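In: One predicted model, sequence on top.
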Number of protein chains: 2
Amino acid sequence: MTGFFRLIPVIEAIHIINRISQVVETESVPLTSAYGRVLAEDIQADTDIPGFDRSVKDGFAVHSADTVRASEAAPLPLTKVGRVVMGRGGSDLLIAPGECTYIPTGAVLPGGADSVVMLEYCQDLGELVLVGRQVSPGENIIRADEDYARGEGVLAAGRLLKIQDIGVLAAAGASRVAVRKRPVIGIISTGVELVPPEETPDAGEVRDVNSYICGAFVEEMGGIPRHYDIVRDDPDELTALLSSALDECDAFLITGGSSKDDRDITAGVIATLGEMFAHGLALAPGKPTIIGKIGHAPVIGIPGHPASTRVVLAVLAGPLLQSLTGCTDRREAKQKAILSRSIPSERGREEYVRVKLLGDEAVPLFGKSGLLNTLVESDGYIRILQGCEGLEAGSEVDVTLW
Amino acid sequence: MTGFFRLIPVIEAIHIINRISQVVETESVPLTSAYGRVLAEDIQADTDIPGFDRSVKDGFAVHSADTVRASEAAPLPLTKVGRVVMGRGGSDLLIAPGECTYIPTGAVLPGGADSVVMLEYCQDLGELVLVGRQVSPGENIIRADEDYARGEGVLAAGRLLKIQDIGVLAAAGASRVAVRKRPVIGIISTGVELVPPEETPDAGEVRDVNSYICGAFVEEMGGIPRHYDIVRDDPDELTALLSSALDECDAFLITGGSSKDDRDITAGVIATLGEMFAHGLALAPGKPTIIGKIGHAPVIGIPGHPASTRVVLAVLAGPLLQSLTGCTDRREAKQKAILSRSIPSERGREEYVRVKLLGDEAVPLFGKSGLLNTLVESDGYIRILQGCEGLEAGSEVDVTLW
């Protein structure tokens, strides 16, 4: 008897989100502020990296041909010449056949030499060095352009910058990089029963939980949460708030007020101010989800139960923030586990079941979606595709961690 | 011929790190700044949550006994009475046997009623409601203390606050929480060959990469990286820097200058200013790692090859930051995969092999540890325990993502 739109499959909802989201602008940041941001330009190496044939060990630079059949039992003598100065290139030092020179890790391989014998295998006798190990050409060195050649692509736009990426940007001379701005996400909770956490709820009231879950999610996804006051189920109040906040935000997450009731003001307000694309997903928990757009800003209306909120954030707000930042490779952490007991599922909707990991076992937590305790206890979720009748105990499942 | 200390097993190195690290102080932050921080106090619910018997569906509040044998084919009539006002409790509304009342999601269950029939299964005829579904006592409601009872523990000190934790803190009335301060980690690169990323390296020079990798790692672990100028392999310079920086930092990461060479100044400086606990780990890559302490501050001396840096960060600096913040449950993201080819390993050291994930397959990347390209291409690493001779192609492996 409730009048949802057609229930939209999750995959279609994600397509809608991608279609209605526009990528935010770029900004230039110093490299020390680039971790966790989304790269907005392709980066090429501005020089060869490392830029010279470089020793990767402390040892002796040699002609590899001079070490053929050298062993610890039968070391071969080479004449020690010259000295490699660390951090300097272009010395006149030339290693002739039969000669060697001490070279520290990271130094320029001298002319003539083609490899380095590790110090551990050499005995320095003063004028002579006994070499106890055969090396091949190129051994224990990195060639001038072996890591990256000048002009070679290093990282592509859209990449979510990881720890090691910051290192390669340093190597490529990108001391400042263009990244996507952090999208500003307006967060609004609706509900006449809601009070902020610092207040003690009176009879019939509960504290606003969902806007704090939304805010933390936006932070994790690299956005900036902007919290607005609680709207008390009044369409005029929500209309006024959204209208005035529109210029400040790239998108909105509105929690509560999305089921089919006289208090369900979100859909009506979105339809009046902008456009509605979905009201009702084939998703459990999270069926009464709304997708709309007001002006430039995509809006997701999120059901009020905390577990539904968390699932809809993972399923839809994640793609929203990826789209807003043009991020091509954000990755969820997944873990394989063995299902500890069977999970029945209704066909016709995609179901997200919270699970706790105990060693290699995934234990489903079947608590009501209005409960926080099972949500907090869970390590992640299992996704049961639409059309699947459930999963059997003992089957291998992918747990997405959260 | 090089004079390392005894090579210390990785597990012992972690014990040393834990022993020499002291937990940083706490600070009070508003809930909106608590995500990703380490909780420094135990949190209890200050009220029952939700605080009243609460409907979790839009529907009709009923005596469940009145619904026995109700079905869509044979619905049972109940007399509609009164009205539940959202956000208010303590109304005088009492549901007598044979009666029902409309109740929205989240509202207080009226006296007498013990369950809710979902709207979908009810037909409202005005004075009567036809109930088309049997419900059990407690169905579609959450009891007053079902989520948490007043005084019940909600989250324990040491927890790394996740998205949903912020929600439960809001519910428990923790509008401010005590968290551990972000530890300040001094980052120093040593090497006469190093130039900062904004400079173009001259012959023999390379850009400083490792201090940027260290900085991003510290950020990911919730610390504050404090970058110092490059030290050019001069013990006096490093001594002066560490002495003056000691008051500003909770720990130090020093990269480069840790192998056994006349440029290897880090160990000597640490021994002079403080205490050395390890020089050389049974770890590959990362053997020439140093662990020491100067004053209150643990110091890790990290080998200069980028892949070694990244591994030592994961293996030792992770535990360091956990110890400094008293974090009990930081979790690495791991994924099971099938090894695409065999990996030989030297017994006697713990080996970390970078891998790229291609679907369910983990492809080892055997590049030199001085190369950035294989590091950037990798999705994580496989750990081969000390004493293990290697892993065979086709075996299942745990990939720790990075």
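Out: Okay, I see it. Residues are numbered from 1 along each chain as shown, chains lettered A, B, ... in the order given.
In: Look at A:E332 and say how many residues are nearby.
Out: Neighbourhood size, A:E332 [other CB atoms under 10 Å in any protein chain shown]: 12. (C-beta placed from N, C-alpha, C; glycine too.)
In: ranges for the strands of the stretch 51-200 of chain A?
Out: Ranges of strands in the stretch 51-200 of chain A, per DSSP state E, counting those that start in this stretch, are A:54-55, A:59-62, A:76-80, A:99-103, A:115-118, A:122-124, A:128-131, A:141-142, A:153-155, A:176-180, A:184-189, A:194-195.
In: among the ones you listed, which is nearest chain B?
Out: Relative to chain B, the nearest member of the strands of the stretch 51-200 of chain A by CB to the nearest CB is strand A:141-142, separated by 5.2 Å.
In: Now do that closest one: which elements does it pack against?
Out: Identification of packing neighbours for strand A:141-142 by 3 or more CB pairs under 8 Å, 6 or more residues apart in numbering or on different chains; DSSP states H and E yields strand A:54-55.
In: Pick the most buried one from the strands of the stretch 51-200 of chain A.
Out: Of all the strands of the stretch 51-200 of chain A, strand A:59-62 has the most neighbours on average by mean count of other CB atoms under 10 Å in any protein chain shown, namely a mean of 28.
In: tell me the mean pLDDT over it?
Out: For strand A:59-62, mean pLDDT rounds to 96.
In: what's the answer for stretch A:303-320, then?
Out: The average pLDDT within stretch A:303-320 is 95.
In: Now the terminal residues of it, how far apart.
Out: Distance across stretch A:303-320, first residue to last, is 17 Å (CA to CA, to the nearest Å).
In: so A:R37 sits right up against A:R180, yeah?
Out: Yes: with contact defined as CB atoms under 8 Å, A:R37 counts as touching A:R180 (6.9 Å).
In: wait, what's in contact with the residue of the stretch 301-402 of chain A found nearest chain B?
Out: Residue nearest to chain B within the stretch 301-402 of chain A: A:A333 (3.4 Å; CB to the nearest CB). Residues in contact with A:A333 (CB atoms under 8 Å, 6 or more residues apart in numbering or on different chains) are A:T400, A:L401, B:A333, B:Q335, B:L401.
In: Out of the residues you listed, which end up buried?
Out: With neighbours counted using 16 or more other CB atoms under 10 Å in any protein chain shown, the contacts of A:A333 contain these buried positions: A:T400, A:L401, B:Q335, B:L401.
In: measure the nearest residue to the third one once chain neighbours are set aside to B:A172 for me?
Out: Take B:Q335 and drop its neighbours on the chain: the residue closest to it by CB to CB, 6 or more residues apart in numbering or on different chains is B:V399, 4.9 Å away. Counting by CB to CB, to the nearest Å, the gap from B:V399 to B:A172 is 37 Å.
In: One more: A:A216?
Out: For A:A216, the distance to B:A172 equals 15 Å [CB to CB].
In: Repeat that for A:I224.
Out: On the measure of CB to CB, A:I224 and B:A172 end up 26 Å apart.
In: In the stretch 201-350 of chain A, which residue sits closest to chain B?
Out: Closest point on the stretch 201-350 of chain A to chain B, by CB to the nearest CB, is A:A203, at 2.5 Å.
In: okay, the closest residue to that residue other than its chain neighbours: pLDDT?
Out: Computed as CB to CB, 6+ apart, the closest residue to A:A203 that is not its neighbour in sequence is B:G89, at 2.5 Å. In this model, B:G89 is scored at 76, pLDDT.
In: what sits up against the longest strand seen in chain A?
Out: The single longest strand within chain A, with elements called by DSSP state E, is strand A:350-358. Residues external to strand A:350-358 that are found in contact with it (CB under 8 Å, 6+ apart): A:9-10, A:282-286, A:307, A:311, A:314-315, A:335, A:337, A:340, A:343, A:345, A:362-367, A:374-375, A:377-386, A:397, A:399.
In: Which SSE is immediately downstream of that strand?
Out: Where DSSP states H and E defines the elements, the next helix or strand beyond strand A:350-358 is strand A:361-364.
In: For that next one, name the packing helices and strands.
Out: Applying 3+ CB pairs under 8 Å, 6+ apart, one finds that strand A:361-364 contacts strand A:334-339, strand A:350-358.
In: Lowest average confidence across the ones you listed, which one?
Out: strand A:334-339 (a mean of 90).
In: following it, which helix or strand shows up next?
Out: Where DSSP H and E defines the elements, the next helix or strand beyond strand A:334-339 is strand A:343-344.
In: Just checking: what are the partner strands of that following strand?
Out: strand A:390-391 (antiparallel) (DSSP bridges).
In: quick one: contacts of the strand it pairs with?
Out: Contacts of strand A:390-391 (CB under 8 Å, 6+ apart): A:L339, A:S342, A:I343, A:P344, A:S345, A:I382, A:I384, A:V397.
In: Save those residues as a markdown table, and put in neighbour count and distance to B:E392 too.
Out: Shown next, in a markdown table, are the contacts of strand A:390-391 (neighbours: other CB atoms under 10 Å in any protein chain shown; distance: CB to CB, whole Å):
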| residue | neighbour count | distance to B:E392 |
| --- | --- | --- |
| A:L339 | 21 | 28 |
| A:S342 | 13 | 34 |
| A:I343 | 22 | 34 |
| A:P344 | 9 | 39 |
| A:S345 | 19 | 38 |
| A:I382 | 19 | 30 |
| A:I384 | 22 | 34 |
| A:V397 | 20 | 26 |
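In: residues in contact with whichever residue of the stretch 51-200 of chain A sits closest to chain B?
Out: Nearest to chain B, among the residues of the stretch 51-200 of chain A, is A:G89, at 2.5 Å (CB to the nearest CB). Residues near A:G89 by CB under 8 Å, 6+ apart: A:F52, A:V108, B:D202, B:A203, B:G204, B:E205.
In: which residues does the spatially most central residue of chain A contact?
Out: Central residue of chain A (CA atoms, centre = their mean): A:R330, 4.1 Å from the mean position. Each residue near A:R330 by CB under 8 Å, 6+ apart is listed here: A:L160, A:M221, A:G318, A:Q322.
In: now swap in A:I291 and tell me
Out: By CB under 8 Å, 6+ apart, the contact set of A:I291 is A:13, A:16-17, A:20, A:276-279, A:298-301, A:316.
In: Establish whether the host helix or strand of A:L238 and chain B are in contact.
Out: Element membership for A:L238 (DSSP H and E) is helix A:235-245. No: Helix A:235-245 stays clear of chain B (CB under 8 Å from any CB of the partner chain), getting no nearer than 14.6 Å.
In: Tell me the gap between that helix and the middle of its chain.
Out: The chain centre lies 33 Å from the centre of helix A:235-245; the measure is CA atoms, centre = their mean, to the nearest Å.
In: Please identify the buried residues of it?
Out: Neighbour counts using 16+ other CB under 10 Å place A:P235, A:E237, A:L238, A:T239, A:L241, A:L242, A:A245 of helix A:235-245 among the buried residues.
In: Dump these to CSV, plus pLDDT.
Out: Output for these, formatted as CSV (pLDDT from 0 to 100):
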residue, pLDDT
A:P235, 92
A:E237, 95
A:L238, 95
A:T239, 97
A:L241, 97
A:L242, 97
A:A245, 98
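In: Of those, which is the nearest to A:T272?
Out: Ranked by distance to A:T272 (CB to CB), the buried residues of helix A:235-245 are led by A:T239 at 6.8 Å.
In: what are the phi and psi values for the residue nearest to that closest one when sequence neighbours are not counted?
Out: Spatial nearest neighbour of A:T239, chain neighbours left out: A:V269 (5.3 Å); criterion: CB to CB, 6+ apart. Backbone torsions of A:V269, given as degrees, to the nearest 10, read phi -70, psi -40.
In: is it true that A:V269 touches A:P235?
Out: Yes: with contact defined as CB under 8 Å, A:V269 counts as touching A:P235 (5.4 Å).
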